[in-house]
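Undergrad: I'll drop the sequence and a predicted model, then ask my questions.
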Amino acid sequence: MIDIVLLAFLVGVAVAIVYMKDLLAVVMLTGIYSLLSASFFVAMDSVDVAFTEAAVGAGISTLLMLVAITMTGRSEHPERHKPLLALAVVIVTGSLLIYGTLDMPYFGSAEAPIHQHVAPRYINDSMQEIGVPNIVTSVLASYRAFDTFGEVVVIFTAGIGVLALLSVVRRTEDSSKIESFNTSMHEQHLILRVVIKMLIPFILLFAFYVQFHGDFGPGGGFQAGVIFASAIFLYAMLFGMNTTRRVINQSVIKFLAAFGVLLYGSVGVVSLLNGKNFFDYSALSSDPVAGQHLGILLIELGVGLTVASVMVIIFFNFVGRRDISQMKEKKDI
Amino acid sequence: MLMGLYNYWVVVVLMMIGFYIVIAHGNLIKKIVGLTIFQTSVFIFYISMSKVDGGTAPILADGINQYSNPLPHVLILTAIVVGIATTAVGLALAVRIKEAYGSIEEDEIQKMDNLDC
């Protein structure tokens, strides 16, 4: 029942996004949209996915879009495309897709083909083969480790892409000028600063819990990385970028992003050198299940490092770009 | 049939709303938001398929014998994080276009390009 209501809300929010011309409102609605879909994922039993969507969609992507619209402007021009043609294309495509769903197995049916192929093996045998209660973690980190490796490389590549597009060479006199107008803004929010200063250690602690408890409950490297990064974002938002740059060394962060991918890949190479398949962790220890535990721990650590550092790289480069362009505007005035 | 396919129909509607934003709006940030809606609709599609009636979250525990399918969860979990990383690249491109053209409206950029030739 609750999922039906949530899906109806999602459609409502999506329609509102189409009509909004103010991009700030659009970004806020996108955050709501993500939070609603995260709640829907909980109702669908996919707790790991809901966790990720709540941290990524409602938190980080909203923040990144807000930073982007401070640079690109807030309002959207009235559309001059032909909406009728677009509407016609959309309606035809939509009806074809609806026609396609008529052959789908009904929602929730246990006989659907999707539940017959590999899922029974994961559910019935993963405890003997991997020894980890959270099936999502054992599939993610062991059965489909090669696939996850690809995803981590994509995230790393996206980090490099943002660096290539947005990184600016900053000189020391630049940062002192930026600081002068950053601090004036940050000194005002005393209550926020005190509260968040108290919260940050708990957020970091929670990130570590999610990282290392991912074998037993919902969580893992992806979620932990994002939560860890969000603690750093909170710090940066309240204490200014220059303070944060002093706390977090950019070259260390870049090194960690690459190191996470390297750590992940090396685990696979070690099992290759021991005469087993790529990412077959039973090669890591004399006891296969202990080897699996060690392998999952290592690659989740690699994932967490890469995800957290790439998120921090993306955020720092967006905000750094914004500071420089604001400073140029100030100079022009 | 209505209840059995309701989720999939909502997915199609959301997907088409995202698609409409991408093709009918000229603002690049709005287009990226449209892509996000499109992408989330695919996530909802996968997760809806993984649900089994009477099943619980796929974390093994005593006394439970019906679990939802864990495989789509794994695929979508990684897709969400990859999605934010690629969205960030898209936003970075929009920021650079704004710096180069002074606008992120598709038609204005097109006009400037036409003047250049």
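TA: Yep, it's here. Residues are numbered from 1 along each chain as shown, chains lettered A, B, ... in the order given.
Undergrad: Quick one: the strands in the stretch 51-200 of chain A, in order.
TA: Taking DSSP state E, counting those that start in this stretch as the test, none of the stretch 51-200 of chain A falls into strands.
Undergrad: what residue ranges in it are flagged as low confidence?
TA: Scanning the stretch 51-200 of chain A for pLDDT under 70 picks out A:79-81, A:170-188.
Undergrad: go with 90
TA: Along the stretch 51-200 of chain A, the model assigns pLDDT under 90 to residues A:51, A:55-59, A:67, A:69-86, A:101-147, A:166-197.
Undergrad: Tell me which stretches of it form helices.
TA: Applying DSSP state H, counting those that start in this stretch to the stretch 51-200 of chain A gives helices spanning A:62-72, A:83-101, A:119-129, A:135-138, A:145-166, A:172-186, A:190-213.
Undergrad: Deepest in the core, which of the ones you listed is it.
TA: helix A:135-138 (a mean of 27; mean count of other CB atoms under 10 Å in any protein chain shown). Where you see a C-beta, it was placed from the backbone N, CA and C, and this is true even at glycine.
Undergrad: helices or strands next to it in the packing?
TA: Applying 3 or more CB pairs under 8 Å, 6 or more residues apart in numbering or on different chains; DSSP states H and E, we find helix A:135-138 packed against helix A:119-129, helix A:288-332, helix B:70-101.
Undergrad: how about 10 Å then?
TA: Contact partners of helix A:135-138 among helices and strands, from 3 or more CB pairs under 10 Å, 6 or more residues apart in numbering or on different chains; DSSP states H and E: helix A:47-53, helix A:119-129, helix A:288-332, helix B:70-101.
Undergrad: Span of stretch B:54-74 from start to end?
TA: Length of stretch B:54-74, first residue to last, CA to CA, to the nearest Å: 20 Å.
Undergrad: and what of stretch A:241-260?
TA: 25 Å.
Undergrad: close to chain B, is that stretch?
TA: No - figure legend: stretch A:241-260 not in contact with chain B (CB under 10 Å from any CB of the partner chain); closest approach 11.2 Å.
Undergrad: if you average pLDDT over that stretch, what comes out?
TA: Regarding stretch A:241-260, the rounded mean pLDDT is 87.
Undergrad: list the buried ones in it?
TA: Neighbour-count burial for stretch A:241-260 flags A:M241, A:N242, A:T243, A:T244, A:Q250, A:I253, A:K254, A:L256, A:A257, A:G260 (criterion: 16 or more other CB atoms under 10 Å in any protein chain shown).
Undergrad: gap between that stretch and the chain center?
TA: Stretch A:241-260 sits 18 Å away from the centroid of its parent chain (CA atoms, centre = their mean, to the nearest Å).
Undergrad: Turn the helices of the stretch 51-200 of chain A into CSV, including distance to B:L5.
TA: Below are the helices of the stretch 51-200 of chain A laid out as CSV (distance: least, CB to CB, whole Å):
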stretch, distance to B:L5
helix A:62-72, 32
helix A:83-101, 5
helix A:119-129, 22
helix A:135-138, 26
helix A:145-166, 29
helix A:172-186, 52
helix A:190-213, 35
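Undergrad: follow-up on the earlier one: give me whichever of the helices and strands packed on helix A:135-138 is most buried.
TA: Neighbour counts (mean count of other CB under 10 Å) averaged over each of these peak at helix A:47-53, with a mean of 27.
Undergrad: list the helices and strands that helix packs on?
TA: Helix A:47-53 packs on helix A:23-43, helix A:135-138, helix A:221-239, helix B:28-50, helix B:70-101, going by 3+ CB pairs under 10 Å, 6+ apart.
Undergrad: Any idea how far the last one is from the middle of the chain?
TA: Same thing as helix B:70-101. Distance, stretch centre to chain centre, for helix B:70-101: 9 Å (CA atoms, centre = their mean).
Undergrad: still on that earlier bit, format the helices and strands packed on helix A:47-53 as TSV; extra columns: distance to A:Y122.
TA: Shown next, in TSV, are the helices and strands packed on helix A:47-53 (distance: least, CB to CB, whole Å):
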stretch	distance to A:Y122
helix A:23-43	19
helix A:135-138	5
helix A:221-239	19
helix B:28-50	12
helix B:70-101	6
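Undergrad: Mind checking the helices of the stretch 51-200 of chain A for the one nearest to B:G102?
TA: helix A:62-72 (10.2 Å; CB to CB).
Undergrad: Next, the angle from that closest one to helix A:288-332.
TA: With axes from the mean of the first three to the mean of the last three CA atoms, to 10 degrees applied, the angle from helix A:62-72 to helix A:288-332 works out at 20 degrees.
Undergrad: Taking the centroid of chain A, which residue is nearest it?
TA: By CA atoms, centre = their mean, chain A has its centre lying nearest to A:V56, at 4.2 Å.
Undergrad: I'd guessed it sits against B:I84; true?
TA: Yes - between A:V56 and B:I84 there is a contact at 4.8 Å, judged by CB atoms under 10 Å.
Undergrad: Now for these two: what residues contact both?
TA: Counting by CB atoms under 10 Å, 6 or more residues apart in numbering or on different chains, the common neighbours of A:V56 and B:I84 are A:V226, A:V307, A:M311.
Undergrad: Local confidence estimate at the residue nearest the centre of chain B?
TA: Nearest to the mean C-alpha position of chain B, counting by CA atoms, centre = their mean, stands B:Q39 at 1.4 Å. pLDDT for B:Q39: 93.
Undergrad: Show the pLDDT at the closest residue in space to it that isn't next to it in sequence.
TA: Nearest residue to B:Q39 in three dimensions, chain neighbours excluded: B:G83, at 5.4 Å (CB to CB, 6 or more residues apart in numbering or on different chains). Looking at B:G83, its pLDDT reads 91.
Undergrad: any idea how far A:V226 is from B:G83?
TA: B:G83 is 12 Å from A:V226, where distance means CB to CB, to the nearest Å.
Undergrad: So A:A68 is in contact with A:L23, correct?
TA: Yes - between A:A68 and A:L23 there is a contact under CB under 10 Å: 9.2 Å.
Undergrad: which residues are in contact with both of the two?
TA: B:I29, B:I104.
Undergrad: between the helix or strand where A:G265 lies and helix A:288-332, how many degrees?
TA: Per DSSP states H and E, A:G265 falls inside helix A:250-273. For helix A:250-273 against helix A:288-332, the angle by the same axes, to 10 degrees is 160 degrees.
Undergrad: counting contacts, what elements does helix A:250-273 pack onto?
TA: helix A:145-166, helix A:221-239, helix A:288-332.
Undergrad: Near residue 61, how many other residues are there?
TA: If you meant another chain, say so; for now it's chain A. Per other CB atoms under 10 Å in any protein chain shown, the neighbour tally for A:S61 reads 25.
Undergrad: I was after chain B.
TA: The burial count for B:A61: 9, using other CB under 10 Å.
Undergrad: Now do the lowest-mean-pLDDT helix or strand in chain B against helix B:70-101, angle only.
TA: Ranking every helix and strand in chain B by mean pLDDT, DSSP states H and E puts helix B:106-116 at the bottom, with a mean of 85. Going by the same axes, to 10 degrees, helix B:106-116 is angled at 50 degrees with respect to helix B:70-101.
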